[in-house]
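what shape does this take:
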Amino acid sequence: MKTRTKIFLKCIKWCVFLVILVFLVQRAALAVQVYGTDQAEPDRRACLFFELPKDTVDCLFIGTSHVYCSFIPQRIYEQSGITSASLATSSQSYQNTYWLLKEALRYQKPKVVVMDIHSVTSAVDEQVQNFRLHYTSGISAMPDISLNKLRAFYDIRTSGIGWSENMTKYDAFGLLEYKNEYQRARNSVRELINLVIEPVREYRTFGFYPTTTVYPMEELVPNLETENYLDFYTTQEYEYLNKIYKLLQDEDIEMLLTRTPYTMPEFDDYQLNRQALEWANATGIPVIDYFELIQNGTIDIDLHTDFRDADHLNYLGAKKATDYMITYLEENYSLENHKGDKKYRLWEDMEYDYETVEEQVKKNAGINGKQ
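So this is what the prediction gives:
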């Protein structure tokens, strides 16, 4: 009997040791991924998402850089009390979105998931298909030592498309992947302490990327002519978009698609966008099409001042896109106003100097006074 007790106690000690070890490895991986980077690094923001208090995000934004440059969770909360956060990363494929979403739903149970449709264009974009981030951006932000992450790595690694066959084990573990990834700045000791003790305090923009550069444009869709036909329904993007839709249906979560504005010089993009919009309409998924909203004057996004580059909105444009999103969420979903609820105080307490960001972008745009 004493022998059994000793074996039992020994097992307990080993279990405790392993739990502590996993926790320390996770914290070390997070610190290596985040410390010394700034808000320009999307995976910094994405991995900090998983530090949010459990089941506090009512609206989850996910997808490509078009998402993290377009929607401001702090502004949504300030004007409506709706809690939101972004899990968007650079060039995020729908395959990455699917696995990242599965991981996110272990931590959060949002009422609405907002996705962009820009990923459909990767079906014909050879540059994107040979871009490492298209395959790793998303799963690299998942917490380490995750079975879901390993399944995601295997699924992407064996897809046989573009750069995927070059993936290695280093792409599955941030602790190894990120140690030399960025040119590190010498950030404060406070940041390092936060990353060890309370990492969520460094999630200051809730996934949004505030940008101040200005890229004047004349038109969004200058060329729509081609003899080629692209079948969206035969692409991997369509396959995983369907998987995402079914996953959200199973979880009883509303899906909202959005097409954020960017320069679309190729008809290939237009064709795939059109088919994705047709699929959404046939499936009954609502879509916010910012192209249409700009063209009919519903939203006053200025092509000369509101873009950071040919593909993304700057802070001025993001404010306008966000304000329309707020109205849409309030009018179409029963999302609670959490202001005053202690459980959601993080959205009230988090500080980021958006006033300085707005002043800078206005200066770059040559705008005087408030907009």
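
quick one: the strands in the protein?
Remark: strands assigned in the chain by DSSP state E are 59-62, 84-86, 112-116, 254-259, 287-289.

list the helices and strands the last one packs on?
It refers to strand 287-289. strand 254-259, helix 267-283, helix 315-332 (3 or more Cβ pairs under 8 Å, 6 or more residues apart in numbering; DSSP states H and E). In this view, the C-beta of every residue, glycine as well, is placed from N, C-alpha and C.

identify whichever of the strands of the chain lies nearest to Ile156.
With Cβ to Cβ, the closest approach to Ile156 among the strands of the chain belongs to strand 59-62: 16.5 Å.

lowest average confidence across helices and strands of the chain, where is it?
Counting by mean pLDDT, DSSP states H and E, the chain has its least confident helix or strand at helix 174-177, which shows a mean of 48.

mean pLDDT lowest where, among the helices and strands packed on strand 287-289?
If you rank the helices and strands packed on strand 287-289 by mean pLDDT, helix 267-283 sits at the bottom with a mean of 86.

show me which positions of that helix end up buried.
Neighbour counts over helix 267-283 (16 or more other Cβ atoms under 10 Å) mark 267-273, 275-277, 279-280 as buried.

show me how far it is from its chain's centre.
Relative to the chain's own centre, helix 267-283 is displaced by 21 Å; criterion: Cα atoms, centre = their mean, to the nearest Å.

what's next to it, contact-wise?
Contact partners of helix 267-283, identified using Cβ atoms under 8 Å, 6 or more residues apart in numbering, comprise 117, 120-121, 123-124, 221, 223-226, 228-233, 235, 237-238, 241, 245, 257, 259, 264, 286-287, 289.

can you list the strands of the chain in a markdown table and add mean neighbour count?
What follows is these, written out as a markdown table (neighbours: other Cβ atoms under 10 Å):
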| stretch | mean neighbour count |
| --- | --- |
| strand 59-62 | 27 |
| strand 84-86 | 29 |
| strand 112-116 | 25 |
| strand 254-259 | 21 |
| strand 287-289 | 17 |
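
now the ones you listed in JSON lines, with distance to Ile161?
What follows is the strands of the chain, written out as JSON lines (distance: least, Cβ to Cβ, whole Å):
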{"stretch": "strand 59-62", "distance to Ile161": "21"}
{"stretch": "strand 84-86", "distance to Ile161": "26"}
{"stretch": "strand 112-116", "distance to Ile161": "20"}
{"stretch": "strand 254-259", "distance to Ile161": "23"}
{"stretch": "strand 287-289", "distance to Ile161": "26"}
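
for Lys13, find the nearest of these.
Smallest distance to Lys13 across these (Cβ to Cβ): 37.9 Å, for strand 84-86.

neighbouring contacts of the closest one?
Residues contacting strand 84-86 (Cβ under 8 Å, 6+ apart): 45, 49, 52, 57-62, 67-68, 71, 73, 76-77, 108, 203, 206-208.
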